[in-house]
Every structure is written in structure tokens, then in C-alpha cells.
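**Student:** what follows is a predicted structure for the sequence shown.
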Amino acid sequence: MLKKDKITLVDGLRDELKDVKCFYMFQFGGISVNEDNELRMKIRETGSIYRVVKNRLLAKATEGTALEPLTSGLKQTTVMAYSNGDPVGLAKLLTEFGKERKGYFFKGGVLEGRVLTENEFKEVATLPSKEELIAKMLYLLQYPIQGLVTALEGIYRQLPVVLKQIADKEN
């Protein structure tokens with residue numbers, strides 16, 4: 001790769017990573033091309049980006065950012081996945097992929113400006129997804145109203161019985 005191409009790549013990468021919501025790095029080894037392509041497609045479906053970049057170029061692109069502590073001194077092949085969307089969905093996807101493969105493990109990450117340890121990353125991956133949280137919230141908002149409707153329906157169901165009993169008493 002020519003020097004001007006590397007400079008262009010680093011500048012483009014710096015612009016992409018400048019305002020990312022979540023950034024995860026993994027050790028990448030022992031994975032077939034088909035497995036890698038499968039992972040890329042799944043990540044693309046979440047609206048996230050998955051890239052393999054030389055460690056030196058990644059370190060250069062993250063100089064002066066919140067990602068710099070993670071990328072300095074990287075060894076071995078590194079893949080990165082980042083997004084401005086759902087950080088939990090991306091973490092779940094990467095964790096699930098890594099469970100089945102020995103050469104694929106967490107190296108580091110940043111979530112909304114905070115550097116994550118491996119345990120913190122695992123916690124993020126176990127959180128409920130955004131869709132699950134919305135469904136739970138809607139259920140909780142609907143539950144009191146549903147109880148009120150059920151109580152009112154009971155009154156209307158019992159009203160004819162009460163009126164009949166009053167009529168029978170008067171006769």
C-alpha cells in the first residue's frame with residue numbers, strides 16, 4: 001500500500017471513529033473466510049461496521065481520541081466493530097460469534113466514551129436489547145389501564161344481575 005493511500009485510509013478512519021457510540025476490538029485468528037463473511041453480513045444488518053485494519057494504522061487513526069489507550073501497542077491481528085446504533089445488539093452478536101471459536105476473543109472496547117474491561121463487555125452483551133426494553137415498557141404502561149378496563153367490565157357484567165335482584169326484592 002502506498003503512503004498516500006495509507007494517509008487517506010487513516011484520515012477516513014479517524015473521521016469514522018470520531019463520534020462512534022460503541023467500539024469493540026477482537027483478536028482475530030483461525031477463522032475461515034466463509035465465517036468472516038457470515039459475521040460481516042450479520043454486523044451489516046445491525047447497521048454497524050466491521051473492519052480489519054493494520055494495528056499501526058489503527059493506532060495512528062485514533063491518536064488524540066478516547067480510543068487511543070486501547071489501540072496503542074496492539075499485537076496480533078485485530079478486528080474492530082463499531083456503531084452509532086445499538087451497542088447491546090452488536091455486543092451480543094460478537095459474543096455469540098466468539099463463543100464458538102477459539103481464536104476470536106475480546107481485546108478492548110469503548111462504550112460512550114468509557115473504556116470497557118472484558119467483564120464489562122460481557123455485562124453489556126447480557127443486557128436486554130432495545131426492542132425488549134421497549135416491549136417491557138409498553139407492557140408496564142398498559143398493565144394499569146388493562147386492570148381498570150377489567151374492573152369496569154366487571155361492573156357492567158354485574159349490573160343486570162344487581163338490577164334483577166332489586167326488581168325481585170321489590171316484588
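**Tutor:** Yes, it's here.

**Student:** for Asp15, see how far away Thr8 is.
**Tutor:** The gap separating Thr8 from Asp15 is 11 Å, by C-beta to C-beta, to the nearest Å. Heads up, the C-betas are built off the backbone N, CA and C, glycines and all.

**Student:** low-confidence stretches in this structure?
**Tutor:** Where the chain drops to pLDDT under 70, the residues are 171.

**Student:** could you chop this structure up by domain?
**Tutor:** 3-127, 128-171 (automatic domain parsing).

**Student:** for Phe26, give me its contacts.
**Tutor:** Shown in contact with Phe26 (C-beta atoms under 8 Å, 6 or more residues apart in numbering): 78-81, 94, 98, 104-107.

**Student:** how about a cut-off of 10 Å?
**Tutor:** Phe26 sits next to 39, 50, 77-81, 94-95, 97-98, 101, 103-109, 121 when contact means C-beta atoms under 10 Å, 6 or more residues apart in numbering.

**Student:** element containing it?
**Tutor:** Using DSSP states H and E, Phe26 falls within strand 22-28.

**Student:** before we move on, what about Arg51?
**Tutor:** strand 49-52.

**Student:** from the contact counts, what lies against the following helix or strand past that strand?
**Tutor:** The helix or strand immediately downstream of strand 49-52 is helix 55-61, counting by DSSP H and E. On a contact count with 3 or more C-beta pairs under 10 Å, 6 or more residues apart in numbering; DSSP states H and E, helix 55-61 meets helix 3-17, helix 68-71, strand 78-83.

**Student:** which one of these lies nearest to Lys60?
**Tutor:** Closest approach to Lys60 among the helices and strands packed on helix 55-61 is made by helix 3-17 (5.0 Å; C-beta to C-beta).

**Student:** can you list the buried residues in that closest one?
**Tutor:** 9-10, 13-14, 17 (16 or more other C-beta atoms under 10 Å).

**Student:** can you identify the helix in this protein that spans the most residues?
**Tutor:** Ranked by residue count, the top helix of the chain under DSSP state H comes out as helix 130-170.

**Student:** distance between the helix or strand where Glu120 lies and the chain's centre?
**Tutor:** Per DSSP H and E, Glu120 falls inside helix 118-126. Taking C-alpha atoms, centre = their mean, to the nearest Å, one finds the center of helix 118-126 at 11 Å from the center of the full chain.
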